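Q: Predicted model and sequence below, questions to follow.
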Amino acid sequence: MPAKKKTSKSTTTKKRSSRKCSEAKENQKITDREKRIQEIRKKLVEEKERLLHEAEAALNSLPEESAFPDLGDQASAEIDKNFMLRLRGREQKLLKKIELAIEKIDNGTYGICEVCGCEIGIQRLEARPVTTMCIDCKTEQEEEEKLLEA
Ligand SMILES: [Zn+2]
């Protein structure tokens, strides 16, 4: 009977789905963190756009901008490169950090300390979204830097 076959099949499905349930329960702990990380991502994207916009406005106000005639598509890639090179160093660094952070959020490695591999506290991430180190490692690094500078 096909009905009987169906019953045995649904039993296996049931078993499987109940296992999935307990997994989902475990994952619930991460959900709040994930949500907050997605909020951070939004802020990072906004910050990135703001920085690019500002940089563009600053570059457009430069008189040498008129040195770029309409060179067509081939040259525009070159201009893009120049544009990045001409971004002020600090902004460029920050942009890179922001891009890296967004990339990490997307591939699921965000919020993990690069030095010790521990999870970085969500509050620290919210305060400093581009950080790649947990507070312990950062403190240690700063102390080492201080020693080197002294
Ligand atoms: Zn660490």
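A: Happy to help now that I have it.
Q: Could you use CA atoms for every contact and neighbour count after this?
A: Noted.
Q: need the helices for this protein, in chain order.
A: 2-60, 73-86, 89-107, 122-127, 135-149 (DSSP state H).
Q: Kindly report which one of the ones you listed carries the lowest mean pLDDT.
A: Ranked by mean pLDDT, these end with helix 73-86 at the bottom, a mean of 65.
Q: For residue 97, see how far away residue 109 is.
A: Distance of residue 109 to residue 97, given as C-alpha to C-alpha, to the nearest Å: 14 Å.
Q: More neighbours: the two, which one.
A: Legend: neighbour count by other C-alpha atoms under 10 Å for residue 109 and residue 97, higher for residue 97 (18 against 13).
Q: wait, that one sits on residue 130?
A: Yes. Assessed by C-alpha atoms under 8 Å, residue 97 is found in contact with residue 130 at 5.8 Å.
Q: which neighbours do these two share?
A: Common contacts of residue 97 and residue 130, defined by C-alpha atoms under 8 Å, 6 or more residues apart in numbering, are absent altogether.
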